[in-house]
Every structure is written in structure tokens, then in C-alpha cells.
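Engineer: show me how the following folds:
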Amino acid sequence: MSSTEISPLAPATSPSLPEIAGVRIATAQAAIRYKNRTDVLYVALAEGTEVAGVFTRSRCPSAPVDWCRDALKSGKGARALVVNSGNANAFTGLKGREAVALTADIAARAADCAPEAVMIASTGVIGEPLDARKFEGVLADCAGRAEGGAEAWAQAAQAIMTTDTFPKLATRRVEIDGVPVTINGIAKGAGMIAPDMATMLSFAFTDAALPQDVLQELLSAGTKTSFNCVTVDGDTSTSDTLLLFATGAAGNAAVTRADDPRLAGFRAALDDLLIELAQLVARDGEGANKLVTVKVEGAESDPSAHRIAMSIANSPLVKTAVAGEDANWGRVVMAVGKAGEPADRDRLAIWFGDVRVAVQGARDPDYSEEAASAVMRRPEITVRVDLGLGQGRARVWTCDLTKAYVAINGDYRS
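Structural biologist: Got it, this is the predicted structure:
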């Protein structure tokens with residue numbers, strides 16, 4: 001269940017998302033796990049909508065993840081999206097596969113399309129069978145009353161929450177060859193977040209006209225600098241799903257390559273939207289009080305810098321030091337050293353915010369405990385590391401690790 005106490009890192013306001021032609025939304029209560037809670041999102045998509053997806057790399061993926069991967073290969077595009085919260089339909093064996101097939105069949109009848117044109121995502125408890133019969137009547141009703149206004153988008157973001165404390169929405173407006181296009185996105189995720197694509201679900205929608213292969217290339221590239229750069233607890237979900245839908249209603253000129261110069265603005269806007277959603281996930285980390293940006297530079301390569309940054313961001317010792325507002329740069333040194341990447345202790349420099357705490361393999365001669373501690377008291381903190389080896393760099397986002405994280409996850413199934 002979602003917490004009633006909103007994260008102190010939540011944005012002061014949520015954006016009002018505009019309508020996107022070819023996208024209609026409805027939410028419902030199906031008592032998937034809890035009664036009297038909105039737990040179903042249904043999105044109706046115009047004929048001709050293309051879809052791209054990026055999914056968990058877990059070797060134990062959920063039944064919906066398997067379904068979406070196969071549906072993308074079918075090349076039938078997308079006419080509907082069904083998302084439920086409360087039950088992940090993961091580690092459910094044959095029953096799980098039957099449940100997702102029945103869900104697709106029910107949604108296909110509601111959308112008047114082939115089952116393969118239905119995308120499905122589930123989030124919640126792992127290992128419990130999902131009774132897909134609960135979607136009977138519910139999805140047909142959703143299809144009949146779906147709409148596209150700002151309130152519908154807000155309800156969509158709310159419906160997919162589990163332990164999230166606030167809905168996550170973002171929007172961008174850009175042009176493709178002079179034609180205005182819109183991109184809207186929603187996400188959920190607070191715990192079991194570690195990029196390998198997290199229970200992380202995210203869905204982005206645009207009215208741009210883009211072929212599936214271009215859409216896939218843009219999404220895969222954008223994921224590398226957004227959702228693959230956020231971690232809350234180092235645990236990769238069975239259910240991670242990121243889908244991008246393009247209805248084509250904007251009517252922009254045909255584009256056949258992802259590197260077409262006319263897509264430069266769209267690519268930048270999509271990347272920026274995905275980064276915003278990823279940062280919102282970090283801001284809503286279970287029990288989080290502080291948002292932490294980890295920057296690594298001077299590595300031998302960008303991939304090496306990324307692995308070192310993730311080692312720092314995933315370290316329980318680093319994260320608990322941040323929670324305790326302790327400028328313990330020794331824990332950062334530890335995390336760099338254990339990453340298994342090239343590093344030279346005697347070239348290492350570390351900053352908390354704008355305060356350099358270590359340089360050339362030792363404590364900074366001008367180190368000020370007072371100045372470093374002042375940085376650690378901020379709600380948003382940057383940890384920067386320079387390895388002094390090369391030009392590789394990376395940036396990731398995480399949060400602190402507090403007693404509340406233990407409490408939330410100790411009671412998760414109750």
C-alpha cells in the first residue's frame with residue numbers, strides 16, 4: 001500500500017498534463033489485492049499506434065514482462081495498455097501466464113483489437129496468483145468512459161502506485177520539422193529500485209509519428225541516462241517495464257532514422273522527460289529524507305565511471321552515513337575500491353557538495369568538518385569523485401537509507 005506520509009523530497013506541485021490525441025485513459029477499482037482502492041489503469045490507444053519497450057534484465061521476469069516482449073515482436077503495434085497494482089503476477093508459473101493471457105483477451109474485446117496489441121504491466125506482491133477474472137466488466141467499462149484530460153492523467157499516475165507516496169508525472173512540448181508534438185509520461189517506483197533495464201513501471205506517450213524501430217532506438221538510448229541511472233536499494237525488480245507509445249496524430253513528416261537531424265529536439269525532450277521521471281523515483285525512495293546525486297569523473301571510460309557511481313550509490317554504508325548527516329568520506333573510498341574498476345588511491349579526490357574532503361589519496365589539508373557537515377544537512381546532496389585516470393564520467397541518483405525503509409519493507413505484505 002502507498003504511504004499516507006508524503007516524501008519530504010516530493011515536488012511542491014505536480015504538472016498538469018495536456019491531452020494527447022489518440023490516448024484516452026480510465027482507472028478503476030478491481031480489488032486486485034486491497035478493497036476500496038484504485039488499482040487498475042486502462043489506456044485506449046488509436047489505431048496505428050506504435051510502441052517500444054525496455055524491460056528488466058532479471059532472470060526471473062514476471063508474466064507481463066514476458067507477454068510484452070512477445071507482443072512487441074508480433075509487430076501489431078498497441079491499441080491498449082492495462083496496468084494493475086497490488087499483485088506483480090511474478091513467480092506465478094503457469095497460472096501467471098494464463099492470467100496475463102486472459103487479461104489480454106478481456107482488454108482486446110474492450111478495445112476491439114488483437115490480444116497481441118495489448119500491453120500489460122503489473123506491480124505489487126511477488127508470488128501470489130492474480131485472478132484475472134476480476135478484469136471482466138471492469139476493462140469494458142473503462143473503455144467506455146476513457147478520456148484524455150489532465151485529471152485522467154493524474155488519476156493514471158495515482159492508480160499504479162504501491163509504496164509510492166506521491167504520483168509521478170512529466171510533460172514536454174517540442175517540434176519535429178516545425179510540427180508541434182507533445183510527450184507525456186508517468187512512473188511509479190519507491191522500493192526494489194536498481195536499474196537493469198526497480199519495482200519500476202513507467203509509460204510515456206507522444207502524438208509524434210515515428211516508426212517502431214526509431215521509437216525503440218530513441219527509448220533504449222534515453223533509458224541509459226535516466227532509469228538506468230537511478231537506484232534506491234540495489235534490488236532489481238522482476239517487473240521493470242518502460243513503454244513508449246506514439247499515436248502518430250501530430251502528422252509530422254515521415255522520419256526513418258533515429259539520427260535524423262529533425263529529431264534532435266524530440267530526442268532531447270524525451271531524454272529530459274525520462275530523467276525527470278527517474279529523479280522523481282529517487283525522491284520517493286522508501287523512507288528517504290535526502291536526494292543524492294553521485295558524479296564520477298576522471299575514470300578510464302564512461303561505463304567504468306557508471307559502475308563506480310553505482311557502487312557508491314548502492315552502498316548501505318554510504319547511504320546510512322548520508323541519513324545520519326555524517327561526512328564520512330571513507331565510505332566513499334570504500335565504495336570506489338570495491339567496484340572492481342580501475343582506480344588509483346593516490347589520485348583520488350572527493351567532494352561533498354562544493355567542499356573537497358579528500359585529495360591525492362588523503363584527507364584534504366584544508367578539510368573543514370564544519371563545512372562538510374553543513375553540506376550533509378541539506379535535503380539534496382552531491383557526492384563527486386575524480387579518479388584522475390581519464391575522461392570517463394557518469395551521473396546517477398539515489399537516496400539515503402533510513403529506519404523507515406526497514407519498517408516499510410518489514411510490513412510490506414501485511
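Engineer: which stretches of the stretch 51-200 of the chain form strands?
Structural biologist: 80-87, 118-125, 168-176, 179-188 (DSSP state E, counting those that start in this stretch).
Engineer: just how off-centre is the helix or strand bottoming out on mean pLDDT in the chain within its chain?
Structural biologist: Every helix and strand of the chain was ranked by mean pLDDT, DSSP states H and E. The lowest is helix 403-410, at a mean of 79. With C-alpha atoms, centre = their mean, to the nearest Å as the basis, helix 403-410 stands 21 Å off its chain's centre.
Engineer: check which residues of it are buried.
Structural biologist: Applying a neighbour-count criterion of 16 or more other C-beta atoms under 10 Å, one finds Ala404, Tyr405, Ile408, Asn409 buried in helix 403-410. Just so you know, the C-beta spots here come from the backbone N, C-alpha and C atoms, and that holds for glycine as well.
Engineer: over to stretch 55-65?
Structural biologist: Phe55, Thr56, Ser58, Pro61, Ser62, Ala63, Pro64, Val65.
Engineer: what's the closest of those residues to Gly285?
Structural biologist: Using C-beta to C-beta, Thr56 comes nearest to Gly285 of the buried residues of stretch 55-65, at 18.4 Å.
Engineer: and for the closest one, nearest residue in space, chain neighbours not counted?
Structural biologist: Excluding the flanking residues, the one nearest Thr56 by C-beta to C-beta, 6 or more residues apart in numbering is Asp240, at 3.6 Å.
Engineer: give me the neighbour count for the one you found.
Structural biologist: The criterion is other C-beta atoms under 10 Å. On that basis, Asp240 has 29 neighbouring residues.
Engineer: next one: it from Arg57, what distance?
Structural biologist: According to C-beta to C-beta, to the nearest Å, Asp240 stands 8 Å off from Arg57.
Engineer: ok, Ala28 next?
Structural biologist: Distance from Ala28 to Arg57, by C-beta to C-beta: 31 Å.
Engineer: related to what we said a few turns ago, for the least confident helix or strand of the chain, which helices and strands make contact with it?
Structural biologist: In terms of contacts (3 or more C-beta pairs under 8 Å, 6 or more residues apart in numbering; DSSP states H and E), helix 403-410 is not packed against any helix or strand.
Engineer: again, only using 10 Å
Structural biologist: Under the contact definition 3 or more C-beta pairs under 10 Å, 6 or more residues apart in numbering; DSSP states H and E, helix 403-410 sits against helix 316-323.
Engineer: which SS class is the residue lying closest to Asn314 once chain neighbours are set aside?
Structural biologist: For Asn314, the nearest residue in space outside its immediate sequence neighbours is Gly234; the separation is 4.0 Å by C-beta to C-beta, 6+ apart. Per DSSP: H, G, I helix; E, B strand; the rest coil, the secondary structure class of Gly234 is coil.
Engineer: tell me the contacts of Phe203?
Structural biologist: 41, 43, 51, 53, 81, 83, 119, 121, 156-157, 160, 184-188, 241-245, 277 (C-beta atoms under 10 Å, 6 or more residues apart in numbering).
Engineer: could you export the strands of the stretch 51-200 of the chain as TSV, including distance to Asp105, mean pLDDT and mean neighbour count?
Structural biologist: Formatted as TSV, those follow (distance: least, C-beta to C-beta, whole Å; pLDDT from 0 to 100; neighbours: other C-beta atoms under 10 Å):
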stretch	distance to Asp105	mean pLDDT	mean neighbour count
strand 80-87	11	95	26
strand 118-125	8	93	27
strand 168-176	30	98	20
strand 179-188	25	97	23
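Engineer: would you list those in CSV and tack on distance to Pro18?
Structural biologist: Below are those laid out as CSV (distance: least, C-beta to C-beta, whole Å):
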stretch, distance to Pro18
strand 80-87, 19
strand 118-125, 22
strand 168-176, 6
strand 179-188, 6
